[in-house]
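[1] Coordinates for the following, if possible.
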Amino acid sequence: MKSSIIHIMTQCLAALALLLTVACGREEPSAAGEGGTTLLLDVSTIDATRSESADAMPDNEKMRSVRVVVLHGGDGDAKGTVEHNEAYPLDEAVDRKRIIVQVKSGERKKIFLFANEESVGPVEGVASAPGDGSLTAFLDSFGKGQAGFEEAVNGLYFAPDYSGGKPIPMSSMYEIDVPGKGNFEGTFHVV
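    Here you go, the predicted structure:
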């Protein structure tokens with residue numbers, strides 16, 4: 001009877017481990033594909049670094065969504081083109097979010113972070129804003145391999161609207177050197 005219980009417990013633990021792996025797939029680093037590197041981005045609001053408790057921060061100063069746009073670096077035709085562009089909606093207002101991104105190894109990258117893009121209505125500074133003219137529509141219009149993102153986003157502006165407790169839009173841009181081998185882990189702030 002003991003061997004049956006141990007066998008059943010082993011199967012239960014194996015099933016639990018499988019479920020945790022699937023459920024936490026976006027939270028834990030995985031092996032990058034051939035020629036790729038895993039970036040583990042710890043994105044946080046600048047207020048989260050203060051000595052005060054993050055719980056004291058009002059929800060409108062926290063993140064309700066995070067978008068990560070990574071541009072290729074290095075030399076050649078791919079330089080400056082979009083390598084990754086994904087929005088990550090959050091279930092609740094948070095001051096920190098860990099995000100996993102797979103990128104090409106051995107390049108200098110530009111990483112653009114946007115928090116609470118849904119709080120921005122029409123954007124200006126572009127010849128023709130796609131879709132409804134919102135920041136989300138603009139950001140969604142840049143697909144993998146597309147050039148011109150940095151120039152276009154640097155020309156954007158909008159009138160802020162903080163009414164009704166809307167979360168404050170935040171952003172930042174970082175340049176990092178992605179190693180040729182191994183993974184990259186870093187903390188990045190939005191302000």
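[2] When you work out contacts or count neighbours from here on, use the C-alpha atoms and nothing else.
    Fine.
[3] In its sheet, which strands sit next to the longest strand belonging to the chain, and in what direction?
    When the chain is parsed with DSSP state E, its longest strand is strand 82-94. Strands that pair with strand 82-94, judged by DSSP bridges, come out as strand 63-71 (antiparallel).
[4] what packs against the helix or strand just after the longest strand of the chain?
    Downstream of strand 82-94, the next assigned helix or strand under DSSP states H and E is strand 96-104. Strand 96-104 is packed against strand 36-45, strand 82-94, with contacts defined by 3 or more CA pairs under 8 Å, 6 or more residues apart in numbering; DSSP states H and E.
[5] that older thread, in the longest strand of the chain, which residues are buried?
    By neighbour count on 16 or more other CA atoms under 10 Å, the buried set for strand 82-94 is Val82, Glu83, His84, Asn85, Ala87, Ala93, Val94.
[6] Need the helices and strands packed on strand 96-104 in TSV (columns: distance to Ser141).
    Formatted as TSV, the helices and strands packed on strand 96-104 follow (distance: least, CA to CA, whole Å):
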stretch	distance to Ser141
strand 36-45	23
strand 82-94	10
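[7] Tabulate those in a markdown table, adding columns for distance to Glu118 and mean pLDDT.
    Listed next are the helices and strands packed on strand 96-104 as a markdown table, based on distance: least, CA to CA, whole Å; pLDDT from 0 to 100:
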| stretch | distance to Glu118 | mean pLDDT |
| --- | --- | --- |
| strand 36-45 | 17 | 95 |
| strand 82-94 | 10 | 97 |
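[8] what's the closest of those to Lys104?
    strand 36-45 (4.4 Å; CA to CA).
[9] Okay, angle between the closest one and strand 82-94 too, please.
    Calculated by axes from the mean of the first three to the mean of the last three CA atoms, to 10 degrees, strand 36-45 forms an angle of 40 degrees with strand 82-94.
[10] now strand 36-45, how far from the chain's geometric center?
    Distance of strand 36-45 from the chain centroid (CA atoms, centre = their mean, to the nearest Å) equals 7 Å.
[11] show me where pLDDT drops low in this structure?
    Within the chain, the ranges that satisfy pLDDT under 70 run 1-35, 47-55.
[12] From the centroid of it, which residue is nearest?
    Taking CA atoms, centre = their mean, the centroid of the chain lies closest to Val68, which sits 3.6 Å from it.
[13] wouldn't that residue be in contact with Asn116 here?
    No. The criterion here is CA atoms under 8 Å, and Val68 misses it with Asn116 at 11.9 Å.
[14] which residues does the residue nearest to the centre of the chain contact?
    By CA atoms under 8 Å, 6 or more residues apart in numbering, the residues touching Val68 are His84, Asn85, Glu86, Ala87, Ile111, Phe112, Leu113, Phe114.
[15] what pairs with it across the strands?
    The partner residues for Val68, given DSSP bridges, come to Glu86, Leu113.
[16] which residues sit in contact with the nearest residue to Glu92 once chain neighbours are set aside?
    Closest residue to Glu92 apart from its sequence neighbours, by CA to CA, 6 or more residues apart in numbering: Arg64 at 6.1 Å. Arg64 makes contact with Pro89, Leu90, Asp91, Glu92, Ala93, Val94, Ala115, Asn116, Pro167, according to CA under 8 Å, 6+ apart.
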